[in-house]
Structures are given as C-alpha cells and as structure tokens.
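K.L.:
predicted model, plus sequence, below.
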Amino acid sequence: MANKNYYNNKYFRQRDNLDLLMAETLSTFARERNIKTVLDVGCGTGQLVKFLNNRKFKAVGCDSQNEAIKIAEKINNPGQIIKADINKLPFKKGSFDLVCAISVIEHLKKSETEEFIKEANRILKKKGYIFLITPNFNSPFRPLSGKKWFAYSDPTHINFFDSNTISHLLEKNGFKNVSFRFNAPINTRLYWYNQAILKRLPAILIKIINYILISSPLALYRDSIWISAEK
C-alpha cells in the first residue's frame, strides 16, 4: 500500500463525497441479482455504506485507516463500520453476496491486490459478486492529458490496470463472467454533473448519454473502468 502518511483527515475530507450515478448503478446491479448483503472494502468516509443501507441492503464497510473510520462512524449505525486490513478481512467464508471496492486497488501493490481478490472470493457466497472501480490505464484521455491525467494527481495511486490485466487477475483467482458494462439506473439524471445547463437536458438525451457511458462498448474507454465478476 502507498505511504500511510498521506491518509490523514484532510485526505479523506477532500474525498468525502459519493458519485450518485455509480451508487445507483451499483444498487441496480445488486437488485437485479437479488443481492442482500454487501461489504464495501476501503469504504473511506462511509458514504456508500450509508447509501446502500438506505436502499434496504445490509451493508457493512471496512477500512484500515483511523481517520476514515472516525468520519464513517459518524454517519452510519454502530457495527456498520469496521477497522480491518484489506488482506485479512475478519469475516467467515461465504458471508456476503457482494464485495465492492471503489477506487481502492490502485492504492495497493500488485501482490496486495491479488491477496485482496483471494480474500473477496473467500468471504463471498457461492455465485456471489465482486464489483471494482479503478483508473483505466487504457483510457484515451491518459496519453492526451499526460502528467495531468486525473489518476496521476493522487500520489497514493501506485498500481494501474486495464480491462485485460484486471480480467486476467480475477479469472486467475476464481472469478468468472467478468463484465465492464452495466444497466443504467432507472432514474436517468446525470448525477455527477451539477451544472444548471445539464440539469435542463431532456430526459431522453440524458438516457442516451448514460447508456453510452455505462452500457455501451464505449464504457471500456472511460477514465475509470467499472468491473464485476461472479464467483
């Protein structure tokens, strides 16, 4: 893992937000598969855990950083946030239907990423799912942006993947049916943009944009890749 000195209160406060488009897409993904129990690994400030519990899932979050835990505990119920090492998750075999790790594996060494994926497989139920988000090294915006590419701005990012490398790693460690495309949520608002002009876009246009970014083959060329796989 990257130098832990970076993970202070300021680091987490700057990232104390939730991408609602991602959260709604994940919620849709989970409902489609009758998922009930969710573990958010590297939960940070606990926003996704709170969101999922509000959507009637049984969600738990874990993080190894004290500053993240302090913030996350304030907005979640007792017992929903746990301090844990990503490679030694304190859960029994077959405990969860879904394990997610949002913007986590880029902070890990390659060996740590593989150990985490093995741990996720262990604590997932039969036919459970893993859901990951990480910067996409094959994004066309990376060479265009050069050193200013968004993923390079965080010094704790030490490991990058593309669709091929993450697929291989998942399949090597017991997962199948790897996917990078998802059904967009029923609510088609572009959650990640707050500009007034985008709020005025027609619903059909927003639906088309969401399809392109989430459900079409072009999803593989976004700055971040979203990945799911089945145990």
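P.N.:
That came through fine. Predicted, not measured: the structure shown is a model, and the values here were computed from it.
K.L.:
N136: what's it in contact with?
P.N.:
142, 161-163, 220-225 (CB atoms under 8 Å, 6 or more residues apart in numbering). C-beta coordinates here come from the backbone N, C-alpha and C atoms, glycine included.
K.L.:
where along this protein do the helices fall?
P.N.:
9-14, 20-32, 47-54, 66-75, 110-123, 141-145, 163-172, 196-199, 203-210 (DSSP state H).
K.L.:
which of those helices has the lowest mean pLDDT?
P.N.:
Confidence, taken as mean pLDDT, is least for helix 196-199 of the helices of the chain (a mean of 56).
K.L.:
thinking again about what came up before, can you redo the contacts of N136 as a markdown table with distance to D19?
P.N.:
Formatted as a markdown table, the contacts of N136 follow (distance: CB to CB, whole Å):
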| residue | distance to D19 |
| --- | --- |
| R142 | 20 |
| F161 | 19 |
| D162 | 21 |
| S163 | 20 |
| L220 | 18 |
| Y221 | 18 |
| R222 | 12 |
| D223 | 12 |
| S224 | 9 |
| I225 | 14 |
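K.L.:
for the chain, which strand extends over the most residues?
P.N.:
strand 124-135 (DSSP state E).
K.L.:
how about that strand: buried residues?
P.N.:
124-125, 128-135 (16 or more other CB atoms under 10 Å).
K.L.:
with distance to C43 and pLDDT added, can I get those residues in TSV?
P.N.:
Shown next, in TSV, are the buried residues of strand 124-135 (distance: CB to CB, whole Å; pLDDT from 0 to 100):
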residue	distance to C43	pLDDT
L124	17	98
K125	20	97
G128	18	97
Y129	17	98
I130	15	98
F131	13	98
L132	14	98
I133	13	97
T134	16	97
P135	19	96
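K.L.:
and of those, the nearest to A68?
P.N.:
Top of the list for closeness to A68, among those and by CB to CB, is I133 at 17.0 Å.
K.L.:
ok, for that closest one, nearest residue in space, not its chain neighbours?
P.N.:
I102 (4.8 Å; CB to CB, 6 or more residues apart in numbering).
K.L.:
how about N138?
P.N.:
D162 (4.0 Å).
K.L.:
now swap in W149 and tell me
P.N.:
If the residues on either side of it in the chain are set aside, W149 comes closest to R142, at 4.8 Å by CB to CB, 6+ apart.
K.L.:
picking that back up, surely the residue nearest to N138 touches P135?
P.N.:
No: counting by CB atoms under 8 Å, D162 does not reach P135; the two are 9.6 Å apart.
K.L.:
shared neighbours, those two?
P.N.:
With CB under 8 Å, 6+ apart as the test, D162 and P135 both reach I225.
K.L.:
got a list of what the residue nearest the centre of the chain touches?
P.N.:
For the chain, I102 is the residue whose C-alpha lies nearest the centre (CA atoms, centre = their mean; 2.1 Å). When the contact criterion is CB under 8 Å, 6+ apart, the partners of I102 are 22, 40, 42, 48, 132-133.
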